[in-house]
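Enquirer: following is a predicted model, sequence given first.
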Amino acid sequence: MEINTLTPAERRVWRAFATGATVDFRVAGEGNWPRPVLRAAVLRALLLNGPREPGEIAALKVVGAHVTGLLDLRQAVVDSMFRLVRCRFDEAPRLVGAQLAYVSLRESELPGLDASHARIDGGLRLTRCRISGPVRLSRAQISGALYLDGAQITAPDPAQPAQPPGQPPVQPAQPVQPVLQFNQVSIDNDLCARGLRMRGLFRLDGASVTGSIDLEDAELSNPGAQVLTAESLEVGSNLLGRRLRADGRIDLRGARVPGRVDLLRTTLSNPGGTALRASSCVIGELWLREGAPVKGRLNLRRAEVGQLQLAPEMLPDQVRLLDLTYTFLTPHEPAERRLPMLERDDGAFDPHAYEQLTAAYRRIGDDRAARVVQLAKQRRHRRTLSWYGRAWGHLQDAAVGYGFRPLRAAVWLLSLLAVGSLAYAGHHPAPLKAGEAPPFNPVFFTLDLLLPVISFGQESAYAPAGPYQWLAYVLIVTGWILATTVVAGVTRTVSRQ
């Protein structure tokens, strides 16, 4: 391209390229300035075959321009960085398959960006950009960081057919394509998106981020549909989402985050559907507390979490915990506050969930809470039994609390001992062999009836008659039932230990 065919603004940029100097078209003291026009073809020619000076590092650095035409760098090899700050683009740049050094479009206005399959040796900076179309980075490789801090990204709604007069307007359809399409992107540093404002779908399926993903203070909106999908996501450090506001479904199925998934003070909403799905994930720490109650289902099935920080007040009405495993559960709450979480699983009875909660309490030495959880487990299991199994379960529960309330057996025994002692003290049964029977003692006679193993020689020496004989039968049967339930409860406790 001949320099004499360039506009004055383009000549300034052309001359500055060889030394990497910045060309700033802004007018001091003015918020809105007349943006000079730069043709995309000129910028492309500079990046591919611009002038060089010995001892200088060539770079394209422009602030405050209006770029017309299509900046097409598909499959290009560009060894010079380019930084187009606060620029306005008429068409979405195409960087598909390009090999680039460093790209910064900070605070620019774009109708979209396509850098699929690109390789960027430095970083990609889209900080505070206003983008009105999709951003595609599928299978891109970024050696540095990806910056989306403060960016505002939306996609135009599909065109709607004209409505007949008098008919209510049709609600806009959801965008078919993701607004942020980052499938299988590879980032060797961080993905920084603090304060991101996005409407549509953010897709991160199969992505790999060596550092952290930062979505703190972001607002993601796609009501009634998926807003963030990151299936099989690989993160080297943390997934940060403090004060995140998400209207739509977040899907992290199969993600691996060795650090923490930080969702403190978040607002997750997807009424009638799943608000957060983290099933089959492997997570070092999951923090979900200090925020508003989740609107929609919470799915943690088959997830493996080292430390689960879960506030009971944030739990929605439906929680799916089948085969969830965790080592520590914080903050410490009474078992009565944790048990509703297990009752809200709309699936079948899952004894594993109760065992996990029991183990978490035992690790911190709260044996009372562990017993409460185990008792709740037996009661929940009772609902799945046949009528006679439920009847026997109710009897064990009332008698000794399935072995977790052993003092109940003592109360029953003392009560029956008092009833039998008073009854037989007022009416001594006749001895079986006069002159050979030991002196009658109503207390030990009642104990002989109640205790099926121990014998004090009273039951075998005296024979009550009439209603007192029936009372003896009742005491014998009750004693056997209490003994059986106590043995069953003790056996269950010993087997768990």
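Expert: In hand now; what should we look at? Since we're looking at a predicted model, the values are computed, not measured.
Enquirer: from here on, contacts and neighbour counts on C-alpha atoms
Expert: Will do.
Enquirer: where in this structure is pLDDT low?
Expert: 1-4, 28-33, 156-176, 346-348, 381, 383-384, 390, 392-410, 483-497 (pLDDT under 70).
Enquirer: quick one, helices of it?
Expert: Under the criterion DSSP state H, helices of the chain are mapped to 8-17, 40-49, 335-343, 351-363, 367-382, 387-400, 407-426, 442-450, 467-496.
Enquirer: and among these, the most buried is which?
Expert: Comparing those by mean neighbour count (mean count of other C-alpha atoms under 10 Å), helix 442-450 ranks first with a mean of 23.
Enquirer: ok, residues contacting it?
Expert: If you take C-alpha atoms under 8 Å, 6 or more residues apart in numbering as the criterion, helix 442-450 is touched by 413, 417, 420-422, 424-425, 428, 454-459, 472, 475-480.
Enquirer: returning to that earlier point: export the helices of the chain to a markdown table and tack on distance to residue 217?
Expert: Output for the helices of the chain, formatted as a markdown table (distance: least, C-alpha to C-alpha, whole Å):
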| stretch | distance to residue 217 |
| --- | --- |
| helix 8-17 | 37 |
| helix 40-49 | 35 |
| helix 335-343 | 28 |
| helix 351-363 | 32 |
| helix 367-382 | 37 |
| helix 387-400 | 49 |
| helix 407-426 | 53 |
| helix 442-450 | 68 |
| helix 467-496 | 45 |
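Enquirer: of all those helices, which one is nearest residue 236?
Expert: Closest to residue 236 of the helices of the chain is helix 351-363 (C-alpha to C-alpha; 26.9 Å).
Enquirer: mind saving the C-alpha coords of the closest one as CSV?
Expert: Extracted C-alpha coordinates of helix 351-363, given in CSV (Å, rounded to 0.1, in the frame of the first residue of the first chain):
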residue,chain,number,x,y,z
PRO,A,351,-28.5,-43.4,52.9
HIS,A,352,-25.1,-42.2,51.6
ALA,A,353,-26.1,-38.6,52.2
TYR,A,354,-26.9,-39.3,55.8
GLU,A,355,-23.6,-41.2,56.3
GLN,A,356,-21.7,-38.2,54.8
LEU,A,357,-23.4,-35.8,57.2
THR,A,358,-22.8,-38.2,60.1
ALA,A,359,-19.1,-38.5,59.2
ALA,A,360,-18.7,-34.7,59.0
TYR,A,361,-20.1,-34.3,62.6
ARG,A,362,-17.9,-37.1,63.9
ARG,A,363,-14.7,-35.5,62.4
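Enquirer: between helix 367-382 and it, find me the angle.
Expert: Relative orientation of helix 351-363 versus helix 367-382 (axes from the mean of the first three to the mean of the last three C-alpha atoms, to 10 degrees): 170 degrees.
Enquirer: now do helix 351-363: distance to the chain's middle.
Expert: Relative to the chain's own centre, helix 351-363 is displaced by 20 Å; criterion: C-alpha atoms, centre = their mean, to the nearest Å.
Enquirer: which strands and helices sit next to it?
Expert: Counting contacts by 3 or more C-alpha pairs under 8 Å, 6 or more residues apart in numbering; DSSP states H and E, helix 351-363 is packed against strand 325-330, helix 367-382.
Enquirer: okay, the ones you listed in JSON lines with distance to residue 142 next?
Expert: Shown next, in JSON lines, are the helices and strands packed on helix 351-363 (distance: least, C-alpha to C-alpha, whole Å):
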{"stretch": "strand 325-330", "distance to residue 142": "34"}
{"stretch": "helix 367-382", "distance to residue 142": "49"}
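Enquirer: closest one to residue 254 among those?
Expert: strand 325-330 (14.4 Å).
Enquirer: now the angle from that closest one to helix 351-363?
Expert: Inter-element angle recorded for strand 325-330 and helix 351-363: 50 degrees (by the same axes, to 10 degrees).
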